[in-house]
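*Asks:* turn this into a structure:
(one chain, ligands or ions: 1)
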Amino acid sequence: MARIIGGVATSHVPAIGAAIDHGRMGDAYWQPVAKGYEPSKKWLAEQKPDVVFLVYNDHASAFSLEIIPTFALGCAETFPIADEGWGPRKVPAVQGHPDLAWHIAQSTILDEFDITIVNKMAVDHGLTVPLSLLCGQPAAWPFRVIPLCVNVIQYPPPTAHRCYMLGKAIRKAIESFDQDLRVVVFGTGGMSHQLQGPRAGLINKEFDRRFLDRFATDPEALTRIPHVDFIREAGSEGIELVMWLIMRGALEDDAKEVYRFYHVPASNTAVGHMILENKRAA
Ligand SMILES: [Fe+2]
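*Replies:* Residues are numbered from 1 along each chain as shown. Have a look, this model is predicted:
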């Protein structure tokens, strides 16, 4: 059977992708971030996942305001890299896992989550930057990737609680798939940041640290944070943190924190990162 061996929560700051692509991670500004992800690269290489289930949001690359799916599950064989204005990032195309993705679609929809099935989707920095941070610059990504794209762009996004419960349904789906696969779940986005308006540049280290503490040991407390509190405390783009809760819901309740990294600033945002391991699935 397929099993979830661990989870990775990470920011997906687009400027990090640009810094990696242009060989700038050795610069004084980016060095702390590069260093902070070194242990994570090692961890992921040791885990040897067959599949990464990656929760992220699209930034008007694959979806415009014409169609706004709340949860869009990528079931395609491959996902091309989106052109976000400067040409697609020069990173490998993403290979999907259609059999497992369709199984997850069936299981979660029959469990009453209204997932949108997507058979054609370009993937942007929300998905590729986490892969670059955790894998470097390989000729091909070393695992298949199933993208789950979540609407955190246009109000109303899903609630923290809905995301956490979807994570649990995804875990049930993955664990009932009859191939022997090692799966790592990524939850990406956040932490506190606001990109526009009078509060542009807002970073709330206290909120972020509290969130990280609870994320490891008491995620249910985080599922009770209403949208307005995410926005008030973590800025308008801090709402991306609900995507972390899909990953957390997909892990065991007592999953063990094995790594944490927090750094401010990275392109006007707080970079937050945590790795958790399931105790029973290794
Ligand atoms: Fe984002």
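
*Asks:* can we go C-alpha only for contacts and neighbour counts from here?
*Replies:* Noted.

*Asks:* now the strands for the stretch 51-200 of the chain?
*Replies:* 51-56, 71-74, 78-79, 94-95, 116-118, 144-150, 182-188 (DSSP state E, counting those that start in this stretch).

*Asks:* okay, now the unreliable bits of this protein?
*Replies:* Residue ranges of the chain with pLDDT under 70: 282.

*Asks:* show me which helix runs longest in it.
*Replies:* Counting residues, the longest helix found in the chain (DSSP state H) is helix 160-175.

*Asks:* packing partners for that one?
*Replies:* Contacts defined by 3 or more C-alpha pairs under 8 Å, 6 or more residues apart in numbering; DSSP states H and E place helix 160-175 against strand 3-10, helix 98-110, helix 242-250.

*Asks:* alpha carbons only: can I get the shortest one in CSV?
*Replies:* Extracted C-alpha coordinates of strand 3-10, given in CSV (Å, rounded to 0.1, in the frame of the first residue of the first chain):
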residue,chain,number,x,y,z
ARG,A,3,2.1,5.4,2.7
ILE,A,4,2.8,8.9,3.8
ILE,A,5,6.2,9.1,5.3
GLY,A,6,6.4,12.8,6.1
GLY,A,7,5.5,16.3,5.4
VAL,A,8,7.2,19.5,4.3
ALA,A,9,5.8,23.0,5.0
THR,A,10,7.6,25.8,3.2
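
*Asks:* and that strand, what does it pack onto?
*Replies:* helix 160-175, strand 182-188, helix 242-250, strand 269-277.

*Asks:* ok, back up a step: for the helices and strands packed on helix 160-175, which one sits closest to Phe186?
*Replies:* For those, proximity to Phe186 was assessed by C-alpha to C-alpha; strand 3-10 is nearest, at 4.7 Å.

*Asks:* ok, the closest one: who's next to it in the sheet?
*Replies:* When pairs are called by DSSP bridges, strand 3-10 turns out to pair with strand 182-188 (parallel), strand 269-277 (antiparallel).

*Asks:* winner for burial among the ones you listed?
*Replies:* Greatest average neighbour count among the strands paired with strand 3-10 goes to strand 182-188 (a mean of 27), per mean count of other C-alpha atoms under 10 Å.

*Asks:* C-terminal to that strand, what's the next element?
*Replies:* Next helix or strand after strand 182-188 toward the C-terminus (DSSP states H and E): helix 205-217.

*Asks:* by how many degrees do that next one and strand 3-10 diverge?
*Replies:* In terms of direction (axes from the mean of the first three to the mean of the last three C-alpha atoms, to 10 degrees), helix 205-217 departs from strand 3-10 by 180 degrees.

*Asks:* what's in contact with helix 205-217?
*Replies:* Outside helix 205-217, the residues that touch it by C-alpha atoms under 8 Å, 6 or more residues apart in numbering are 191-192, 221-222, 233-234, 248, 254-257, 270, 272, 274, 276.
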